[in-house]
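Trainee: below are the sequence and a predicted model for it; my questions follow.
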Amino acid sequence: MKLVTYLIAAVVALFGLMFIVGAQGQIMRLVVGVVLLGAAGVLIYLTRVQPKKEEITHVQKIDLTGDVRLEQMKCTSCGGALGKENLIVRAGAIFVDCPYCGASYQIEEAPKW
Ligand SMILES: [Zn+2]
């Protein structure tokens with residue numbers, strides 16, 4: 001894929017140069033040439049700076065024992081509603097990271113809420 005992009009960029013740049021060289025005082029051709037060169041540059045730039053989509057997604061399965069109803073979970077500090085995304089498993093224990101007040105605490109094994 002990268003090679004194709006480079007080839008396209010090279011062709012575009014070539015056309016840009018041709019326009020500039022063959023402009024012969026015609027501003028429009030000069031502008032088109034510069035724009036083409038710029039486009040080629042952008043193409044190469046985008047190819048080189050392609051974001052690495054190999055983000056290491058750390059999926060942690062949270063298995064809450066018992067009949068835990070997550071929608072009823074509330075932060076013990078501020079009472080804000082907590083969801084599954086606010087639960088983090090650290091060292092085998094379940095922790096809550098409250099997005100509202102920033103509180104971080106461990107949940108008891110048999111929660112009663
Ligand atoms: Zn809170």
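Mentor: Good, I have the coordinates.
Trainee: name the element the residue nearest to Leu43 when sequence neighbours are not counted belongs to?
Mentor: What sits nearest to Leu43 in space, not counting adjacent residues and going by CB to CB, 6 or more residues apart in numbering, is Ala9, at 4.0 Å. Quick note: C-beta positions are derived from backbone N, CA and C, even for glycine. Assigned by DSSP states H and E, Ala9 belongs to helix 2-21.
Trainee: just checking, next helix/strand downstream of that helix?
Mentor: Downstream of helix 2-21 (by DSSP H and E), the next one is helix 27-48.
Trainee: now the angle from that following helix to helix 2-21?
Mentor: Using axes from the mean of the first three to the mean of the last three CA atoms, to 10 degrees, the inter-axis angle of helix 27-48 relative to helix 2-21 is 160 degrees.
Trainee: now helix 27-48 - C-alpha only, CSV.
Mentor: Provided in CSV are the C-alpha atoms of helix 27-48 (Å, rounded to 0.1, in the frame of the first residue of the first chain):
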residue,chain,number,x,y,z
ILE,A,27,0.3,32.0,-13.4
MET,A,28,-2.6,29.5,-13.5
ARG,A,29,-0.2,26.7,-14.6
LEU,A,30,2.3,27.8,-12.0
VAL,A,31,-0.4,27.7,-9.3
VAL,A,32,-1.6,24.2,-10.5
GLY,A,33,2.0,23.0,-10.4
VAL,A,34,2.6,24.2,-6.9
VAL,A,35,-0.7,22.7,-5.7
LEU,A,36,0.2,19.4,-7.3
LEU,A,37,3.6,19.4,-5.7
GLY,A,38,2.0,20.3,-2.4
ALA,A,39,-0.5,17.4,-2.8
ALA,A,40,2.4,15.0,-3.5
GLY,A,41,4.2,16.3,-0.4
VAL,A,42,1.0,15.8,1.7
LEU,A,43,0.6,12.3,0.3
ILE,A,44,4.1,11.3,1.3
TYR,A,45,3.8,13.0,4.7
LEU,A,46,0.5,11.1,5.4
THR,A,47,2.1,7.9,4.4
ARG,A,48,5.0,8.4,6.6
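Trainee: I am finished for the moment; much appreciated.
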